[in-house]
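Peer 1: show me how the following folds:
(4 chains)
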2 protein chains.
Amino acid sequence: MVDPTSRALRLLSLMQGRRDWAGADLAGRLGVSLRTLRRDVDRLRELGYPVQARPGVDGGYRLAAGAALPPLVLDDDEAVALTVGLQAAAAGADAGMAEPSVRALTKVVPVLPARLRRRVEALQAMTVPAPPWSDGGPAVDPSLLVAAAQACRDTERLEFTYTAAGGRPAERLVEPHRLVPLGRRWYLVAYDPSRGDWRTFRLDRMAGLRGTGARFAARPLPAEDAATFVRAGMDRFRTPTLVEAVVEAPAAVVRDRVGRWVRVTDEGPDRCRLHLETDDLDWPALVLGAVRAEFTVVAPDELRVRLAEWSQRFARAVAG
Amino acid sequence: MVDPTSRALRLLSLMQGRRDWAGADLAGRLGVSLRTLRRDVDRLRELGYPVQARPGVDGGYRLAAGAALPPLVLDDDEAVALTVGLQAAAAGADAGMAEPSVRALTKVVPVLPARLRRRVEALQAMTVPAPPWSDGGPAVDPSLLVAAAQACRDTERLEFTYTAAGGRPAERLVEPHRLVPLGRRWYLVAYDPSRGDWRTFRLDRMAGLRGTGARFAARPLPAEDAATFVRAGMDRFRTPTLVEAVVEAPAAVVRDRVGRWVRVTDEGPDRCRLHLETDDLDWPALVLGAVRAEFTVVAPDELRVRLAEWSQRFARAVAG
DNA sequence: CCATCGCGGACAGGATCTGTCGCCGATTGC
DNA sequence: GCAATCGGCGACAGATCCTGTCCGCGATGG
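Peer 2: Numbers count the residues shown, from 1 in each chain, chains lettered A, B, ... in the order given. Predicted structure coming up:
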């Protein structure tokens, strides 16, 4: 532990692993004198990491919250948990979080030791993403997501088999530009040299994605922003269904049960109203089942049909 | 950028942000000569981080997967995504991942800048954890989890109001030892000085948890392991219900729809069998609704009752 | 009041770091 | 093949730094 650089990293790691450290303790772990430890601490402070110190009999050093997150030193288990957690966040959940999650994954995944990668894969199968039935589309494979994001970042040409809405799979070789999460789906904005134009591709319709290793010079996108480019191309296709129902239970109770999934508005002491937007009617059926209270469907009519199906299927199951 | 230590950290950060870097590019960013850059790269290699270099006209430096994860340098958005993802992983999902997630959180949260903390809180409300109805017990607040884990790590006395199974809330002041996730619940193993004995506390029954700031000398736990200590104390209470159903659809289809939530075994070309364990019968009802196929319930009888309730409630909703 | 602990200046010897120069080997494109 | 490009490496000299030791100071808690 003679190199100051290595010591700085190790010092950071130690201070992340426990809050309070006595100076002598730290100096001992790093194999240096107290004076040198003080200098090392100074160095960390110069780098912007707020190391607090308290003199006195119960004093010590402590890493506090600062302006920026210090480099995180994680052990194996933590790295696995981090990766799986980020993958779940990227694949499901909120759009505002998905994009940074993928970005963080492109930092972690390429440097993840192979043994950890296997553990990530094993755990991933066990792990609960956003419910697979909450959206019509099939879920996107996180590794696909990361591979595409990396190609965008590294300006590396991408090859894949794409099955457009029409139905015929075709090979594509594109220059990836940016990944855009929109309404629980992921889109890749890319330049297609063979067609000489910009296109958007849905990630859940890609297969056999692989980097070619060939780099390219980035072109300017002929749009303000990748997200607006995607939106411009798909607005005409969107057909979300608005679901509305009245539930005979206090809004607080309903919010507690399903508030994360739908909007709940108050309608008196023992009644409230649910709103949600979806393109899969099984989803509101699940939600309405989970509220455990009497309810009536305001719209759409198709939902009533679907609920009747569920009701009859359940009745048959019980009778059988 | 004259300090080698600071340069090493910055170099690591740069190489995490993009895969391929030309030497001159890196040297320019760090404000040093090419020769010095090479020496810096050597230093990183000596620290165990595998920096690959390729000569030739398309060459460059690249950070590869190594034996250990290098310190992660994250920006604001990524740090927020990381925190939220880890919190979701800690609160829900798989027990094998929950504990390391909490451990990683105890490293991140204390050094998280305040402005990011607010964003984490805002996002957390929007984010989808494991379905709240998948377990009878109320979900554990991630911040409570982290606070308890930190107290364990820092051997800091903990105060909280505990409502035991009996029902009377009481103040507790304990020396926390370890946090144990067991069957979708969290337990704190701690020494209670006022009673002179070791106890386990359920985190979802705690309120107003706060650290006292006072440190204590760790005692040896009179058990092999904190997990076995918890298990020894609670085995007599566990009453999981085994659910079994036969579905009239190919196993592959059913696995695709609900395979993440239950075990599916094959029973011929168009029939399969579901197994799951729970203490909340609404949960299998949701799963059976999501399979979108005819089914019959093998066990338990109570589930048939529950399904009948759902069926009738849905029927009334449709009729109303 | 005292013990403990962090702070920081000074100093000297030694180790390290840096840029420059030169040359080599690998790779790619012509 | 040949040239251009790029990383690797050894050597060198001067500047810089790093380290341990010694010292007194100030804050904290009992």
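
Peer 1: for the rest of this, base every contact and every neighbour count on C-alpha atoms.
Peer 2: Will do.

Peer 1: show me where the stretch 1-150 of chain A has helices.
Peer 2: Here the stretch 1-150 of chain A has its helices, by DSSP state H, counting those that start in this stretch, at A:4-17, A:23-30, A:34-46, A:76-91, A:95-108, A:114-126, A:142-154.

Peer 1: present those helices as CSV; the columns should include mean pLDDT and distance to residue A:254.
Peer 2: Below are the helices of the stretch 1-150 of chain A laid out as CSV (pLDDT from 0 to 100; distance: least, C-alpha to C-alpha, whole Å):
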stretch, mean pLDDT, distance to residue A:254
helix A:4-17, 91, 41
helix A:23-30, 90, 52
helix A:34-46, 90, 49
helix A:76-91, 86, 25
helix A:95-108, 83, 24
helix A:114-126, 77, 29
helix A:142-154, 84, 32
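
Peer 1: for those, which one sits closest to residue A:58?
Peer 2: Relative to residue A:58, the nearest member of the helices of the stretch 1-150 of chain A by C-alpha to C-alpha is helix A:23-30, separated by 11.1 Å.

Peer 1: which parts of the closest one are buried?
Peer 2: By neighbour count on 16 or more other C-alpha atoms under 10 Å in any protein chain shown, the buried set for helix A:23-30 is A:23, A:26, A:27, A:30.

Peer 1: quick one: the residue nearest to residue A:156 when sequence neighbours are not counted from residue A:10, how far?
Peer 2: Leaving aside its chain neighbours, residue A:156 sits nearest to residue A:215 (4.4 Å; criterion: C-alpha to C-alpha, 6 or more residues apart in numbering or on different chains). Going from residue A:215 to residue A:10 by C-alpha to C-alpha, to the nearest Å gives 36 Å.

Peer 1: next up, phi/psi of the residue nearest to residue A:156, please.
Peer 2: phi -90, psi 160 (degrees, to the nearest 10).

Peer 1: which residues does it contact?
Peer 2: Residue A:215 makes contact with A:154, A:155, A:156, A:157 under the criterion C-alpha atoms under 8 Å, 6 or more residues apart in numbering or on different chains.

Peer 1: contact partners for the last one?
Peer 2: With contact taken as C-alpha under 8 Å, 6+ apart, residue A:157 is in contact with A:151, A:173, A:174, A:175, A:176, A:211, A:212, A:213, A:214, A:215, A:216.

Peer 1: how many residues are close by the residue of the stretch 201-320 of chain A found nearest chain B?
Peer 2: Nearest residue of the stretch 201-320 of chain A to chain B, counting by C-alpha to the nearest C-alpha: residue A:311, 4.0 Å away. A total of 24 residues lie near residue A:311 under the criterion other C-alpha atoms under 10 Å in any protein chain shown.

Peer 1: what residues sit buried inside stretch A:186-195?
Peer 2: Here stretch A:186-195 shows A:186, A:187, A:188, A:189, A:190, A:191, A:192 as buried, counting by 16+ other C-alpha under 10 Å.

Peer 1: ok, and what's touching that stretch?
Peer 2: In this structure, residues lying in contact with stretch A:186-195 by C-alpha under 8 Å, 6+ apart are A:140, A:148, A:172-181, A:197-204, A:226, A:229-230.

Peer 1: can you tell me the closest non-neighbouring residue to residue A:174?
Peer 2: residue A:192 is the one closest to residue A:174 (C-alpha to C-alpha, 6+ apart), at 4.7 Å.

Peer 1: just to revisit the earlier point, for residue A:269, which of the helices of the stretch 1-150 of chain A is the nearest?
Peer 2: With C-alpha to C-alpha as the measure, helix A:95-108 is the member of the helices of the stretch 1-150 of chain A nearest residue A:269 (33.7 Å).

Peer 1: show me what that closest one is packed against.
Peer 2: helix A:76-91, helix A:142-154, strand A:169-182, helix B:4-17, helix B:76-91 (3 or more C-alpha pairs under 8 Å, 6 or more residues apart in numbering or on different chains; DSSP states H and E).

Peer 1: anything in stretch A:12-30 near DNA strand D?
Peer 2: No. Stretch A:12-30 stays clear of DNA strand D (C-alpha under 7 Å from any atom of the strand), getting no nearer than 8.5 Å.

Peer 1: please point out which parts of whatever helix or strand the residue of the stretch 201-320 of chain A closest to chain B lives in sit buried.
Peer 2: Assigned by DSSP states H and E, residue A:311 belongs to helix A:301-319. Buried residues in helix A:301-319, defined by neighbour count with 16+ other C-alpha under 10 Å: A:303-304, A:306-315, A:317-318.

Peer 1: are any of the contacts of residue A:157 buried, and which?
Peer 2: Here, 16+ other C-alpha under 10 Å leaves A:151, A:173, A:174, A:175, A:176, A:211, A:215 buried among those.

Peer 1: closest one of those residues to residue A:280?
Peer 2: residue A:176 (30.5 Å).

Peer 1: quick check: chain neighbours aside, which residue is closest to the closest one?
Peer 2: Per C-alpha to C-alpha, 6+ apart, closest to residue A:176 is residue A:190, 4.2 Å.

Peer 1: wait, a helix at that neighbour?
Peer 2: No. Counting by DSSP: H, G, I helix; E, B strand; the rest coil, residue A:190 is not found in a helix; it is strand.

Peer 1: give the bridge partners for it, please.
Peer 2: Beta-bridge pairing for residue A:190 (DSSP bridges): residue A:176, residue A:199.

Peer 1: what are the ranges of the strands in the stretch 151-300 of chain A?
Peer 2: A:156-163, A:169-182, A:185-192, A:197-202, A:206-215, A:241-247, A:263-266, A:272-278, A:295-299 (DSSP state E, counting those that start in this stretch).

Peer 1: from the chain's centroid, how far away is the second one?
Peer 2: Averaged C-alpha coordinates place strand A:169-182 at 19 Å from its chain's average position (C-alpha atoms, centre = their mean, to the nearest Å).

Peer 1: can I get the CA coordinates of that strand in CSV?
Peer 2: Output in CSV follows, covering the C-alpha atoms of strand A:169-182 (Å, rounded to 0.1, in the frame of the first residue of the first chain):
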residue,chain,number,x,y,z
PRO,A,169,-38.2,-10.3,-40.9
ALA,A,170,-35.4,-8.5,-42.6
GLU,A,171,-31.7,-7.9,-42.0
ARG,A,172,-30.7,-4.4,-41.0
LEU,A,173,-27.3,-2.7,-40.7
VAL,A,174,-27.6,0.7,-39.2
GLU,A,175,-25.7,3.5,-37.5
PRO,A,176,-27.4,3.8,-34.1
HIS,A,177,-27.9,7.2,-32.7
ARG,A,178,-30.0,7.2,-29.6
LEU,A,179,-32.3,5.0,-27.5
VAL,A,180,-35.7,6.5,-26.5
PRO,A,181,-38.0,5.0,-23.9
LEU,A,182,-41.6,6.1,-24.7
